[in-house]
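Undergrad: Quick one, what's the 3D model for this:
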Amino acid sequence: MIKMALRILMMPVLFLIRLILGSLAFITTISSAVIGLSTSVFIILAMVEFFIGYWQNGLALMTLAILASPIGLPAIANFLLKRVDRACTFVEGFVY
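TA: Modelled structure (predicted):
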């Protein structure tokens, strides 16, 4: 009886979490593609800065390129999305 009430109470919450996770995954995928294009621009600008002698600006642009690349902030976002998905799956398994 208590487990059935818990299922009824948790169903809208879990549905909302799944809906939010799906939309965030979509946004992350699209933004990773767009940011991947800007990463190449950052790298080209960093190389130009290195060649003309402004190495501090080149390092700053390389740092931006690493953060915007698929191994930077998008990887952290994907990691967090997977962790929230696992937590949601754990709660679903516990309730059901």
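Undergrad: Could I get the full set of helices for this protein?
TA: 2-52, 55-68, 73-95 (DSSP state H).
Undergrad: how about JSON lines for those, with mean neighbour count added?
TA: Backbone N, C-alpha and C define where each C-beta goes, glycine included. Formatted as JSON lines, the helices of the chain follow (neighbours: other Cβ atoms under 10 Å):
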{"stretch": "helix 2-52", "mean neighbour count": "13"}
{"stretch": "helix 55-68", "mean neighbour count": "16"}
{"stretch": "helix 73-95", "mean neighbour count": "13"}
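Undergrad: Now do the closest residue to Cys88 other than its chain neighbours, the pLDDT please.
TA: Leaving aside its sequence neighbours, Cys88 sits nearest to Ile17 (Cβ to Cβ, 6 or more residues apart in numbering; 5.2 Å). The predicted local confidence for Ile17 comes out at a pLDDT of 88.
Undergrad: And Gly72, by the same measure?
TA: pLDDT recorded at Gly72 is 77.
Undergrad: quick one: contacts for it?
TA: Residues near Gly72 by Cβ atoms under 8 Å, 6 or more residues apart in numbering: Ile66.
Undergrad: Quick check: it vs Ala5, distance?
TA: In this view, Gly72 and Ala5 are 45 Å apart by Cβ to Cβ, to the nearest Å.
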